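K.L.:
okay, predicted coordinates and the sequence, questions at the end:
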Amino acid sequence: MNYQSYINSKIYPVGADLSIVKQWHKEKQRIVFTNGCFDLVHRGHLVYLSQAAEMGDKLIIGLNTDESVRHLKGASRPITDEYSRAFLLASLCFVDAVMLFNESTPYHLIQQVQPDVLVKGSDYKVEDVVGYDIVRAGGGEVLTLDFLQGYSTSSIIEKIQQEKQK
């Protein structure tokens with residue numbers, strides 16, 4: 001098997017044909033959707049994503065493009081480019097698709113995907129999760145997961161900066 005081709009086949013750039021999602025719906029697969037920047041993937045992300053994957057049959061990650069990350073996090077971000085972030089996430093055995101989006105939120109992507117389950121971190125109230133209205137109107141669930149304490153991209157960046165100043 002050519003693993004790089006397999007991994008690349010799970011990455012959907014902005015504007016890509018998402019007919020795979022229609023196929024999964026037709027097959028009655030339970031589709032789980034979550035999203036984020038995933039700038040520096042760490043153990044906390046992996047625990048969160050694996051828990052999200054357990055909530056259904058297919059896990060789709062909506063991934064902010066570089067332009068979207070800069071808009072949200074500032075000019076110094078992302079640290080890792082969108083293709084590298086997408087490739088890393090798509091290489092995970094429990095991830096079925098990584099779909100890039102260029103807006104500040106994945107609202108339009110959620111409209112296209114129509115997931116059965118929408119998952120975000122517990123720093124959100126369920127009714128404040130972007131796409132809540134879409135998923136609930138379609139009869140789906142919106143759930144939150146607790147983060148693994150002690151793991152965050154911001155804390156990793158701070159630690160690197162502190163070490164650099166020594």
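P.N.:
Sure, I can see it.
K.L.:
quick one: secondary structure of D39?
P.N.:
coil (DSSP: H, G, I helix; E, B strand; the rest coil).
K.L.:
quick check: I31 touching A53?
P.N.:
No - judged on CB atoms under 8 Å, I31 makes no contact with A53 at a distance of 11.2 Å. To be clear about C-beta, it is placed using only N, CA and C from the backbone, and glycine gets the same treatment.
K.L.:
show me where this protein has its helices.
P.N.:
For the chain, applying DSSP state H gives helices covering 3-8, 19-26, 43-53, 66-73, 82-90, 107-113, 132-137, 153-165.
K.L.:
JSON lines for the ones you listed, including mean neighbour count and mean pLDDT?
P.N.:
Shown next, in JSON lines, are the helices of the chain (neighbours: other CB atoms under 10 Å; pLDDT from 0 to 100):
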{"stretch": "helix 3-8", "mean neighbour count": "12", "mean pLDDT": "97"}
{"stretch": "helix 19-26", "mean neighbour count": "14", "mean pLDDT": "98"}
{"stretch": "helix 43-53", "mean neighbour count": "18", "mean pLDDT": "95"}
{"stretch": "helix 66-73", "mean neighbour count": "16", "mean pLDDT": "95"}
{"stretch": "helix 82-90", "mean neighbour count": "20", "mean pLDDT": "97"}
{"stretch": "helix 107-113", "mean neighbour count": "18", "mean pLDDT": "98"}
{"stretch": "helix 132-137", "mean neighbour count": "16", "mean pLDDT": "98"}
{"stretch": "helix 153-165", "mean neighbour count": "11", "mean pLDDT": "71"}
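K.L.:
of the ones you listed, which is nearest F101?
P.N.:
helix 107-113 (4.6 Å; CB to CB).
K.L.:
now do that closest one: distance to the chain's middle.
P.N.:
On the basis of CA atoms, centre = their mean, to the nearest Å, helix 107-113 sits 13 Å off its chain's mean C-alpha point.
K.L.:
swap in stretch 116-123?
P.N.:
How far stretch 116-123 lies from its chain's middle: 10 Å, per CA atoms, centre = their mean.
K.L.:
just the buried positions in it, please.
P.N.:
116-120 (16 or more other CB atoms under 10 Å).
K.L.:
picking that back up, can I get the helices of the chain in TSV including distance to V126?
P.N.:
Listed next are the helices of the chain as TSV, based on distance: least, CB to CB, whole Å:
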stretch	distance to V126
helix 3-8	32
helix 19-26	23
helix 43-53	14
helix 66-73	21
helix 82-90	24
helix 107-113	14
helix 132-137	7
helix 153-165	23
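K.L.:
good, we can wrap up now.
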